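> Provided below for reference: sequence and predicted model.
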Amino acid sequence: MPTYKNDGGRSVSVKNTAGVSVLVAPGETIETYEVLTVAGMTKTAEAPYYNPATAVHAVTSTGASDDKTVALDSLADAVEIYNAGSGLVTVYLRSKSNTPGLVVPAGTLRRIDGLKNMVNQLVLTFSAAVTAGQCYVTEIKE
């Protein structure tokens, strides 16, 4: 979301990009992820942009014997696994030993929440080959 300048005659409370409410005095600017409709706050730039997706990993595999490991940011709150392939993708949190795995059927997207500081990697197994553009893991911070 944008950068704003306070062109009004009074201070305005606005959340900055860290999510902390600050008072913006007349003449001051602030970067925020919020869209402001407050009188006197004039948008001066479109940036910074809010984007909860912190990383997108394209995953390919030749099939059943070709497991893939995806390293995650420890601060990722959630992941979304998209499977456009023809087979099942099974997702294990941190290790294949952590059973049961979470199944992502063909043609679906699965979201897994509550990962922050708990999971640093995913291990993906496949029942069939997946080629470029068929499997993505998206890390999300909220």
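Sure thing, it's come through. All values reported here derive from a predicted model rather than from experimental measurement. Residues are numbered from 1 along each chain as shown.

> Give the residue spans of the protein that score low on pLDDT.
1 (pLDDT under 70).

> Would you state the strands of this structure in chain order?
Secondary structure of the chain (DSSP state E): strands located at 3-6, 12-15, 21-24, 29-31, 41-45, 53-58, 68-71, 78-83, 89-93, 102-104, 108-113, 121-126, 135-140.

> Is it correct that residue 57 is in contact with residue 137?
Yes: taking CB atoms under 8 Å as the definition, residue 57 is a contact partner of residue 137 at 4.4 Å. No exception for glycine: its C-beta is placed from N, CA and C like everyone else's.

> As a markdown table, the strands of the chain with mean neighbour count would be great.
Formatted as a markdown table, the strands of the chain follow (neighbours: other CB atoms under 10 Å):
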| stretch | mean neighbour count |
| --- | --- |
| strand 3-6 | 20 |
| strand 12-15 | 16 |
| strand 21-24 | 14 |
| strand 29-31 | 17 |
| strand 41-45 | 14 |
| strand 53-58 | 13 |
| strand 68-71 | 14 |
| strand 78-83 | 20 |
| strand 89-93 | 21 |
| strand 102-104 | 16 |
| strand 108-113 | 13 |
| strand 121-126 | 20 |
| strand 135-140 | 20 |
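
> quick revisit: now for residue 57 and residue 137: what residues contact both?
Common neighbours of residue 57 and residue 137 (criterion: CB atoms under 8 Å, 6 or more residues apart in numbering): residue 70.
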